[in-house]
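*Asks:* Give me coordinates for this.
(chains A and B)
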2 protein chains.
Amino acid sequence: MREVTLVEVGLRDGLQNESRILSTADKKQLAERLIAAGVKELEITSFVHPRWIPQLSDAAELARSLPDLSDVRYRALVPNRKGLERALETPVDEFAVFLSASETHNRKNINKGIRETFPVLEEVVRAALARGKRVRGYVSTVFGCPYEGEVPVANTAEICEGLLKMGVYEISLGDTIGVATPRQVKEKLKALAGTIPVERLAGHFHDTRGTALANAYVSLEMGITTLDSAFGGLGGCPYAPGAAGNVATEDLVYMLEQEGIRTGIDLEALCEAGWLAEKLLGQRLPSKVLQSMAAHCQAKEGNRE
Amino acid sequence: MREVTLVEVGLRDGLQNESRILSTADKKQLAERLIAAGVKELEITSFVHPRWIPQLSDAAELARSLPDLSDVRYRALVPNRKGLERALETPVDEFAVFLSASETHNRKNINKGIRETFPVLEEVVRAALARGKRVRGYVSTVFGCPYEGEVPVANTAEICEGLLKMGVYEISLGDTIGVATPRQVKEKLKALAGTIPVERLAGHFHDTRGTALANAYVSLEMGITTLDSAFGGLGGCPYAPGAAGNVATEDLVYMLEQEGIRTGIDLEALCEAGWLAEKLLGQRLPSKVLQSMAAHCQAKEGNRE
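*Replies:* Presented below is the predicted three-dimensional model:
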């Protein structure tokens, strides 16, 4: 494998889990730094009701503020038809629908059972496709649920089949609570391979227990070529300082480039985005490469802050 | 593979890199918690000159303070004959000699070239074996040197052969500056397999760029069954807060147990050692499992501090 598509989810999955709410101008600046570093696939926000996620309540405003670039794709989550309508009035290029592989988690998150969620997503996908937009699907808690524990892979397979039938082009398999280890990643992907073409699947790993990069590595071995990540490793739970969020884009890029896989991303320029996020959020971010580059620069050039 | 030997190096490789110097009583308490968690192989200190590493200047005192337990092995580094003599007057069970695969790093670290280091180590090994003690070897900068960059695997192979010839029973291959990625680990181990039996090798990974757990995973796939780790992920460079040290024992144990590999270590009890270290050192430690367990306990039982 020579190329991997990285979907930068820091501005959405990262910031939605940070306690400090950033201004639209700050988010725009972060997006611009990410783009300057070579990020092409940029999930910027979620068009959920602002009451759910106040961190992302400026979804439309942010989408409208970003530069129009032919080689950068802006993505956003849409929970339902109403969210899609709001998103369609902005220059967002691509949408994502989401649900959980665990019934309880889906109910807690979306306030509906999995079966009842399907018609809602189907309506969104149909409407988006009719407007010529691609739609991605997110399936969360694939590797474990905080309420139900182990989630049968049959749940995920059934949901994936349903999403593909709707017209979703790709499904991102989420280790939402960061419990997966390589063996489980291999087993789940092997089981899914029976019904879902691997090129339709992406990996979305959280680093809650430190295993995200190992899981990403193993998923590449299993044929996955699209991975989600967040710059800085953004997205740690606000009540656990230092706890991890998504796999850090910096760490993933470092590993991939060393493995001989091109990402198109400039690591030092990427760190500029992470350091700005640290300043804006007022805290250190968990990416190891970000911290070691900071130490390196500090040693070379004196204090950076 | 059903079992892996973990060598807990936090009290040595961890604490020697922490700016705050702990008292012997504090180290003893940490060792006792590690033992209570099921740690059997415990590298406790280094008998180097106190001027080199003031953090470990209480080597003999610490070694004498620890409980005499038939199923726990205390280990210590010895740089030369003088260090060995000091160590032999304590109840330390096993010794380790060390050198670097990179000429420049060896000179900076030991003040000698690699060739000149060999007779020194040979003398130590011979004297230790004569006293019925096992001796381990550490080779550092196997995967990269801060001064020379890439280090040829031939250097490592030659050093390993020399160490085995002296009578060292096992060699720990160090990614001292945490630059390795899985491909490099595979390549180096494959190249070494030509001359060194894999059961004589151990993996020693630092997490400076977030790749340590992935490297540990790959080294297990390559036949390694002994891994070094530090509880809490201790050993980050003092001038880079948040920067990583050794691969965290907690994260490694979590992954191994999920992979179906027994470690004999109780994860919650292990976290008690990490939380105590955080309190004593006055800082958060990088282990992700440590942080996520803390958040979990906090949520369940109120603040832990």
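*Asks:* So what does residue A:42 have for phi and psi?
*Replies:* phi -130, psi 110 (degrees, to the nearest 10).
*Asks:* So out of everything in the stretch 51-200 of chain A, what residue is nearest chain B?
*Replies:* Of all residues in the stretch 51-200 of chain A, residue A:181 sits closest to chain B, at 3.9 Å by Cβ to the nearest Cβ. C-beta coordinates here come from the backbone N, C-alpha and C atoms, glycine included.
*Asks:* The residue nearest to residue A:77 when sequence neighbours are not counted: what's it in contact with?
*Replies:* Leaving aside its chain neighbours, residue A:77 sits nearest to residue A:46 (3.8 Å; criterion: Cβ to Cβ, 6 or more residues apart in numbering or on different chains). For residue A:46, the contacting residues are A:12, A:16, A:53, A:56, A:59, A:76, A:77, A:78, A:79, A:83, by Cβ atoms under 8 Å, 6 or more residues apart in numbering or on different chains.
*Asks:* Among those residues, which ones are in helices?
*Replies:* Counting by DSSP state H, the part of these found in helices is A:59, A:83.
*Asks:* JSON lines please, covering the contacts of residue A:46 and showing neighbour count.
*Replies:* Converted to JSON lines, the contacts of residue A:46 look like this (neighbours: other Cβ atoms under 10 Å in any protein chain shown):
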{"residue": "A:12", "neighbour count": "28"}
{"residue": "A:16", "neighbour count": "20"}
{"residue": "A:53", "neighbour count": "18"}
{"residue": "A:56", "neighbour count": "23"}
{"residue": "A:59", "neighbour count": "25"}
{"residue": "A:76", "neighbour count": "28"}
{"residue": "A:77", "neighbour count": "26"}
{"residue": "A:78", "neighbour count": "28"}
{"residue": "A:79", "neighbour count": "22"}
{"residue": "A:83", "neighbour count": "20"}
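*Asks:* And the residue nearest to residue A:77, what's its pLDDT?
*Replies:* Model confidence at residue A:46, given as pLDDT, is 97.
*Asks:* cool, and residue A:240?
*Replies:* 49.
*Asks:* about what we covered before: pop out the phi and psi values for the residue nearest to residue A:77.
*Replies:* phi -140, psi 130.
*Asks:* quick one: it from residue A:93, how far?
*Replies:* Residue A:46 sits 15 Å away from residue A:93, going by Cβ to Cβ, to the nearest Å.
*Asks:* Okay, now the unreliable bits of the stretch 101-250 of chain A?
*Replies:* Residue ranges of the stretch 101-250 of chain A with pLDDT under 70: A:237-243.
*Asks:* and the top helix by length along chain A, what other elements does it pack with?
*Replies:* Ranked by number of residues, the top helix in chain A under DSSP H is helix A:114-130. Contacting helix A:114-130 under the criterion 3 or more Cβ pairs under 8 Å, 6 or more residues apart in numbering or on different chains; DSSP states H and E are the following elements: helix A:81-88, strand A:94-100, helix A:103-110, strand A:134-140, helix A:153-166.
*Asks:* quick one: secondary structure of residue A:190?
*Replies:* helix (DSSP: H, G, I helix; E, B strand; the rest coil).
*Asks:* Once you drop chain neighbours, what's closest to it?
*Replies:* residue A:222 (7.2 Å).
*Asks:* and the one you found, what is it in contact with?
*Replies:* Contact partners of residue A:222, counting by Cβ under 8 Å, 6+ apart, are A:185, A:186, A:189, A:190, A:193, A:198.
*Asks:* would you turn those into a markdown table with neighbour count and distance to residue A:36?
*Replies:* As requested, the contacts of residue A:222 are exported to a markdown table (neighbours: other Cβ atoms under 10 Å in any protein chain shown; distance: Cβ to Cβ, whole Å):
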| residue | neighbour count | distance to residue A:36 |
| --- | --- | --- |
| A:185 | 26 | 32 |
| A:186 | 15 | 36 |
| A:189 | 21 | 34 |
| A:190 | 12 | 39 |
| A:193 | 14 | 37 |
| A:198 | 14 | 32 |
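*Asks:* Reformat the residues you listed as JSON lines; add distance to residue A:72.
*Replies:* Output for the contacts of residue A:222, formatted as JSON lines (distance: Cβ to Cβ, whole Å):
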{"residue": "A:185", "distance to residue A:72": "29"}
{"residue": "A:186", "distance to residue A:72": "33"}
{"residue": "A:189", "distance to residue A:72": "29"}
{"residue": "A:190", "distance to residue A:72": "34"}
{"residue": "A:193", "distance to residue A:72": "32"}
{"residue": "A:198", "distance to residue A:72": "26"}
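*Asks:* What is the nearest of those residues to residue A:286?
*Replies:* residue A:185 (20.5 Å; Cβ to Cβ).
*Asks:* Quick check, that closest one in contact with residue A:215.
*Replies:* Yes - using Cβ atoms under 8 Å, residue A:185 is in contact with residue A:215, at 4.9 Å.
*Asks:* Common neighbours of these two, please.
*Replies:* residue A:203.
*Asks:* that older thread, so for residue B:107, which of the helices and strands packed on helix A:114-130 sits nearest?
*Replies:* When those are compared by Cβ to Cβ, strand A:134-140 sits nearest residue B:107, at 52.5 Å.
*Asks:* Would you list the strands that that closest one pairs with, along with their directions?
*Replies:* Applying DSSP bridges to the sheet, strand A:134-140 is found paired with strand A:94-100 (parallel), strand A:170-175 (parallel).
*Asks:* ok, and what's touching the longest one?
*Replies:* It stands for strand A:94-100. Taking Cβ under 8 Å, 6+ apart as the rule, strand A:94-100 contacts A:43, A:73-79, A:84, A:87, A:106, A:109-110, A:114, A:117-118, A:121, A:124-125, A:128, A:133-141, A:145, A:159, A:163, A:168, A:172, A:176.
*Asks:* can you give me the angle that strand makes with helix A:103-110?
*Replies:* Using axes from the mean of the first three to the mean of the last three Cα atoms, to 10 degrees, the inter-axis angle of strand A:94-100 relative to helix A:103-110 is 130 degrees.
*Asks:* which parts of stretch A:45-58 are buried?
*Replies:* A:45, A:46, A:47, A:48, A:53, A:55, A:56, A:57, A:58 (16 or more other Cβ atoms under 10 Å in any protein chain shown).
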